[in-house]
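**Student:** sharing a model that was predicted from the sequence below.
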Amino acid sequence: DLEGAGTRAVAVRDLQDVMEAELADRDQVKLLREMELPLVRVLARMEQHGIGVDQGYLEEMGADLGADLAGLETEIYEQAGRTFNIKSSQQFGKVLFGDLGLPVVKKTSRGSPSTDASVLQKLEDAHPIVGLVLRYREVEKLRSTYVNGYLPLIGPDQRIHARFNQTGASTGRLSSDRPNLQNIPVRSELGRTIRRAFVAAEGFRFVVADYSQIELRILAHLSKDPGLLGAFKAGEDIHTETAARVFGLTADTVTADARRRAKAINFGLLYGMEAYGLADRLKIGRAEAREHMDTYFRQFPDVRQYLREVVQEARRVGHTTTLFGRRRYLPELLSGNWRTRQMGERMALNAPVQGSAADVMKMAMIGLDGRLAPDEARMLLQIHDELVFEVREDAVATTVHLVREMMEGVVELDVPLTVDVGIGPDLASVKG
DNA sequence: TTTACAGGCCAC
DNA sequence: AAACGTGGCCTGTAAA
Ligand SMILES: Nc1nc2c(ncn2[C@H]2C[C@H](O)[C@@H](COP(=O)(O)OP(=O)(O)OP(=O)(O)O)O2)c(=O)[nH]1
Ligand SMILES: [Mn+2]
Ligand SMILES: [Mn+2]
């Protein structure tokens, strides 16, 4: 009603002084005026422009996946000796741990026997149904979340206009929804076929730019660790080196998949993973996991100290702070519950690094938006440390140069920031 | 019929 | 799961 609206408007007016004082108190005036407010219009343009989608391709893929699922379903029922709802983890658990008598590996938070992928991998050799369900889950995920998720969101312009939310993540990252275009499959071969559905317009190409090892570089800057600083100044790739060490390879035999796994290990260890978790992921013993952890932190002696100080400071002042002054408040650190406090400590380890990386990317986006000619190159997607542009063919070379310079030079850190750039007519075909 | 949560899984 | 962090979306299930 009108009077309520008036009352609220007056309340907002009265809030202005209070909020501005608070902001100045926190030293966040520049964060607001030079980062978050200018970003609003960049995100609005991305959402309005959208990204082109090949609807016919997606429809065909949906039919193919449906046929695959029907075949898998028959095989699974044969192996089970009966029918059941494969999508129901409860019903599948009864088949697996009841009918077939396989051992329970772990329980879910509410005490049911878990059937998640890590459990099924351990049981894969015990019964043929296990591998079939793993495959069923992969295919069903792609069909339900991606094919069926995208199709109804394609507009009359044959484009998807996802949202990029500025307040979606407590570290300062963006989030995306309706649909989420920050989690387009890339890991599995089948998953990557989804990417072919995202297509540049006739006469245009996608230009994709992704920061190299971004949070490790941020960490090098924040911690001043000599090992990490030296590695980046020498142009080393820590993900590849970790892959070589833990998988017993040499740098030139590290596959893309091995590097991806090593990435999860590198960040896991930094953000509080323990020997138990590492052993589980690498399928090795606890002692061997311990050794890997020791080797890892011995390479980077000052990282441990930095991480300790981050938690201490967070406990003292109640929040963490990023490069550009963004805060994450962590009341969990004062909880009476040990588990909650531990969780708070891991959040404190992660927030300044993930948040600073988000700061850097936001500044680069603002800088680039001001430099791109809208008829030549449009920013379409942000995937945390990656930007996707749609670029007129005759402007590709100049845009690649501009994007690289802006992303690499947006802030001066104690380590170089480097960017990998790829080009392609669709997201599956993007190649460096 | 709608809503909330659990379990699971995609990405960075 | 006690045991890297940040998100969003799917289906099944039970409660409202
Ligand atoms: N805590 C945590 N953070 C992750 C994980 N995967 C990615 N991130 C964060 C840290 C990365 O620096 C950042 C960007 O992800 P990327 O896939 O681009 O990896 P990164 O830039 O490190 O390596 P790159 O050289 O691009 O392959 O997202 C993860 O498994 N755990
Ligand atoms: Mn990256
Ligand atoms: Mn990335």
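**Tutor:** Done, it's in. Ligands and ions are numbered 1, 2, ... in the order given.
**Student:** for the rest of this, base every contact and every neighbour count on C-alpha atoms.
**Tutor:** OK.
**Student:** which residues of the stretch 151-300 of chain A lie near DNA strand B?
**Tutor:** Proximity of the stretch 151-300 of chain A to DNA strand B, by C-alpha under 7 Å from any atom of the strand, involves residues A:182, A:183, A:184, A:185, A:186, A:187, A:188, A:191, A:192.
**Student:** from these, list the buried ones, please.
**Tutor:** A:182, A:184, A:185, A:191, A:192 (16 or more other C-alpha atoms under 10 Å).
**Student:** the last one sits in which helix or strand?
**Tutor:** Assigned by DSSP states H and E, residue A:192 belongs to helix A:189-195.
**Student:** quick one: average pLDDT of that helix?
**Tutor:** Mean per-residue pLDDT for helix A:189-195: 98.
**Student:** the next helix-or-strand element following that helix close to DNA strand C?
**Tutor:** Per DSSP H and E, the first helix or strand lying C-terminal to helix A:189-195 is strand A:204-211. No - residues of strand A:204-211 are not located near DNA strand C by C-alpha under 7 Å from any atom of the strand, the shortest gap being 14.5 Å.
**Student:** now do strand A:204-211: which elements does it pack against?
**Tutor:** For strand A:204-211, the packing partners by 3 or more C-alpha pairs under 8 Å, 6 or more residues apart in numbering; DSSP states H and E come out as strand A:386-392, helix A:396-409, strand A:419-424.
**Student:** and the shortest one, what's its mean pLDDT?
**Tutor:** Read that as strand A:419-424. Rounded mean pLDDT across strand A:419-424 is 98.
**Student:** next one: stretch A:230-237
**Tutor:** In this model, stretch A:230-237 has a mean pLDDT of 98.
**Student:** just give me how far that stretch sits from the chain centre.
**Tutor:** 24 Å (C-alpha atoms, centre = their mean, to the nearest Å).
**Student:** contacts (any at all) between ligand 1 and it?
**Tutor:** No - if you take C-alpha under 6 Å from any ligand atom as the test, stretch A:230-237 misses ligand 1, and the best it gets is 7.7 Å.
**Student:** and that stretch, what's buried?
**Tutor:** Neighbour counts over stretch A:230-237 (16+ other C-alpha under 10 Å) mark A:231, A:232 as buried.
**Student:** near ligand 2, anything from it?
**Tutor:** No - counting by C-alpha under 5 Å from the ion, no contacts exist between stretch A:230-237 and ligand 2, the nearest distance being 11.6 Å.
**Student:** can you get me the start-to-end distance on that stretch?
**Tutor:** Stretch A:230-237 has an end-to-end distance of 12 Å (criterion: C-alpha to C-alpha, to the nearest Å).
**Student:** residues in contact with that stretch?
**Tutor:** A:213, A:217, A:238, A:415, A:416 (C-alpha atoms under 8 Å, 6 or more residues apart in numbering).
**Student:** who wins on neighbours among those?
**Tutor:** Among the contacts of stretch A:230-237, the one with the most neighbours (other C-alpha atoms under 10 Å) is residue A:217, at 24 neighbours.
**Student:** domain parsing for chain A?
**Tutor:** Segmentation of chain A into domains, based on the TED database, reads A:20-54+A:161-214+A:362-424, A:59-152, A:226-296.
**Student:** what's the closest of those domains to residue A:314?
**Tutor:** domain A:20-54+A:161-214+A:362-424 (14.0 Å; C-alpha to C-alpha).
**Student:** give me the residue from the stretch 251-400 of chain A nearest ligand 1.
**Tutor:** The nearest approach of the stretch 251-400 of chain A to ligand 1 comes at residue A:264, 4.0 Å away (C-alpha to the nearest ligand atom).
**Student:** so that residue sits in a helix?
**Tutor:** Yes - counting by DSSP: H, G, I helix; E, B strand; the rest coil, one finds residue A:264 located in a helix.
**Student:** model confidence at it, what's the number?
**Tutor:** Model confidence at residue A:264, given as pLDDT, is 95.
**Student:** look up how far ligand 2 lies from it.
**Tutor:** Computed as C-alpha to the ion, to the nearest Å, the residue A:264 to ligand 2 distance reads 12 Å.
**Student:** ok, residue A:246 touching residue A:292?
**Tutor:** Yes - counting by C-alpha atoms under 8 Å, residue A:246 touches residue A:292, with 7.4 Å between them.
**Student:** closest to DNA strand C out of the residues of the stretch 151-300 of chain A next to DNA strand B?
**Tutor:** Set against DNA strand C, the nearest of those by C-alpha to the nearest atom of the strand is residue A:183 (5.1 Å).
**Student:** got a pLDDT number for the closest one?
**Tutor:** 98.
**Student:** do the same with residue A:2
**Tutor:** 85.
**Student:** same check on residue A:5?
**Tutor:** At residue A:5, pLDDT is 89.
**Student:** that one in helix, strand or coil?
**Tutor:** What three-state DSSP gives for residue A:5 is helix.
**Student:** related to what we said a few turns ago, neighbour count winner among residue A:246 and residue A:292?
**Tutor:** residue A:292 (19 against 15).
**Student:** now do the more buried one against DNA strand B, distance only.
**Tutor:** Distance of residue A:292 to DNA strand B, given as C-alpha to the nearest atom of the strand, to the nearest Å: 21 Å.
**Student:** give me every residue that touches that residue.
**Tutor:** Counting by C-alpha under 8 Å, 6+ apart, residue A:292 has contacts residue A:246.
**Student:** following the host helix or strand of it, which helix or strand comes up?
**Tutor:** Per DSSP H and E, residue A:292 falls inside helix A:286-299. Beyond helix A:286-299 on the C-terminal side, the first helix or strand identified by DSSP H and E is helix A:301-317.
**Student:** so for that following helix, what's the average pLDDT?
**Tutor:** Averaging pLDDT along helix A:301-317 yields 97.
**Student:** that helix - contacts with which helices or strands?
**Tutor:** Using 3+ C-alpha pairs under 8 Å, 6+ apart: helix A:301-317 touches helix A:214-223, strand A:319-321, helix A:338-369.
**Student:** could you redo the ones you listed as CSV and give each row distance to ligand 2?
**Tutor:** Shown next, in CSV, are those (distance: least, C-alpha to the ion, whole Å):
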stretch, distance to ligand 2
helix A:214-223, 6
strand A:319-321, 22
helix A:338-369, 10
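**Student:** of these, which is nearest residue A:304?
**Tutor:** Comparing these under C-alpha to C-alpha, the one sitting nearest is helix A:214-223, at 8.9 Å.
**Student:** who are the packing partners of the closest one?
**Tutor:** Counting by 3+ C-alpha pairs under 8 Å, 6+ apart, helix A:214-223 packs on helix A:226-233, helix A:301-317, helix A:338-369.
**Student:** among these, which is the most enclosed?
**Tutor:** helix A:338-369 (a mean of 21; mean count of other C-alpha atoms under 10 Å).
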